[in-house]
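K.L.:
with the input below, show me the fold.
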Amino acid sequence: MLSKIARLPKLSTRQLSTANIKASGPRLDDNGEPRFLEQVKMFYNSAAAKTGIPQEYLDLIQSCQTVVRFNIPLRRDDGRLQTVTCYRAQHSTHKLPCKGGTRYSDHVDLQEVEALSALMTFKLAIADIPFGGGKGGIKINPRELSQGELERVTRKYTMELIKKGFIGAAVDCLGPDMGTNEQVMTWIKDTYVNMYGETNINAEGCATGKLPSQGGIEGRTESTGLGVYYCIKKLLSTPSFIERSLLDTEGVAGKTVIVQGFGAVGYWAAKFLQQDGAKIVGIVEYNSA
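P.N.:
This is a model prediction of the structure:
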């Protein structure tokens, strides 16, 4: 499959769209490469073929069960009215609640949230956590919005999820992701509690990653970066990985590290790696390196 993709001629966007409709292969982006969702499906199919599970069940497991896309109005501080596109995908409701991040990025789209929700389902299953995978987001650049604008778009997004039944401690629990933080998750919780706090004792469980003073837990902020550190530490203590990666020694100490992205994940991963003796020799951010 990959060799066939590599030999595809460079086509215009219009030609690609036509080719995608006619072809049964993966949909391609403007660069002639598989989109994120198609990449997830390709890896899934490669692994699933080795399981011996009937194809009809594999198709069911792969499919995203429910996805919603809607537009909300955002009144900017200067009085302009901006239309903002929002998403939430629930890949699997076989075990509830769904669990997954909420990202604020101008690159968010439908196929991305479907792909990420599928990966969330698989991660939870591997870790034997009885939740279904979810993912959502708002198509905005949070760096371009004021604090007041972020609060307004967050609360409106939450209200729409409430109306559509896409949020709740026993239904779909939202978590932080790229572009969101403890304050954003607290606004989500606060909006939901204002609606259902008197009738649902578990209303505050509609979101994780909240401020500790608002029902969050200590250590949540650094947890994802800490997880990256633990994964790297485990890999660097695995002889087969050391052999195949052509490294001279095991362990984190003395290894050189370049970090791509220095947000909530990259910063804490770099911090824990450095504390364990790694040398941070490069940091890459969205506008500099």
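K.L.:
please work out how many residues are found near Ala115.
P.N.:
Counted by other CB atoms under 10 Å, the residues lying close to Ala115 total 21. From N, CA and C alone the C-beta is placed, and that goes for glycine too.
K.L.:
residues in contact with it?
P.N.:
Taking CB atoms under 8 Å, 6 or more residues apart in numbering, we find Ala115 in contact with 36-37, 39-40.
K.L.:
try Phe131
P.N.:
The neighbourhood of Phe131, defined by CB under 8 Å, 6+ apart, consists of 95-99, 124, 173.
K.L.:
okay, strands next: where are they in the stretch 151-289 of the chain?
P.N.:
Using DSSP state E, counting those that start in this stretch, the strands assigned to the stretch 151-289 of the chain run over residues 172-176, 256-260, 279-284.
K.L.:
what residues of stretch 239-256 count as buried?
P.N.:
By neighbour count with 16 or more other CB atoms under 10 Å, stretch 239-256 contains the buried residues 242, 252, 255.
K.L.:
if you could redo that for stretch 28-35, that was the one I meant.
P.N.:
Across stretch 28-35, burial judged by 16+ other CB under 10 Å covers 28, 34-35.
K.L.:
next: stretch 197-213.
P.N.:
Buried, per 16+ other CB under 10 Å, within stretch 197-213: 200, 203-210.
K.L.:
just to revisit the earlier point, of the strands of the stretch 151-289 of the chain, which approaches Asn71 most closely?
P.N.:
Distance to Asn71, taken as CB to CB, is lowest for strand 172-176 among those, at 19.0 Å.
K.L.:
about what we covered before: need the buried residues of stretch 239-256 in CSV (columns: pLDDT and distance to Tyr286).
P.N.:
Conversion of those to CSV gives the following (pLDDT from 0 to 100; distance: CB to CB, whole Å):
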residue, pLDDT, distance to Tyr286
Ile242, 90, 33
Val252, 93, 27
Lys255, 93, 25
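K.L.:
can you lay out the residues you listed as JSON lines showing distance to Arg88?
P.N.:
As requested, the buried residues of stretch 239-256 are exported to JSON lines (distance: CB to CB, whole Å):
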{"residue": "Ile242", "distance to Arg88": "41"}
{"residue": "Val252", "distance to Arg88": "37"}
{"residue": "Lys255", "distance to Arg88": "39"}
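K.L.:
which one of the residues you listed is nearest His107?
P.N.:
Ranking the buried residues of stretch 239-256 by separation from His107, with CB to CB as the measure, puts Lys255 on top at 30.9 Å.
K.L.:
and for the closest one, nearest residue in space, chain neighbours not counted?
P.N.:
By the measure of CB to CB, 6 or more residues apart in numbering, the closest residue to Lys255 outside its immediate chain neighbours is Ala278, 5.0 Å from it.
K.L.:
quick one: low-confidence ranges for the stretch 1-150 of the chain?
P.N.:
1-26 (pLDDT under 70).
K.L.:
quick one: the helices in it?
P.N.:
With helices called from DSSP state H, counting those that start in this stretch, the stretch 1-150 of the chain shows them at 2-6, 13-22, 36-48, 55-62, 110-126, 147-164.
K.L.:
ok, Pro239 - contacts?
P.N.:
Glu250.
K.L.:
if we use 7 Å, what do you get?
P.N.:
The contact partners of Pro239, by CB atoms under 7 Å, 6 or more residues apart in numbering, come to none.
K.L.:
could you do Asn202 as well?
P.N.:
Contacts for Asn202 (CB under 7 Å, 6+ apart) come out as 169-170.
K.L.:
hang on, Leu236 packs against Thr249?
P.N.:
No - counting by CB atoms under 7 Å, no contact exists between Leu236 and Thr249, whose distance comes to 8.7 Å.
K.L.:
what's the PyMOL line that selects buried ones from the contacts of Ala115?
P.N.:
To isolate the buried subset of these in PyMOL, counting by 16+ other CB under 10 Å, use the following:
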select buried, resi 36+37+40
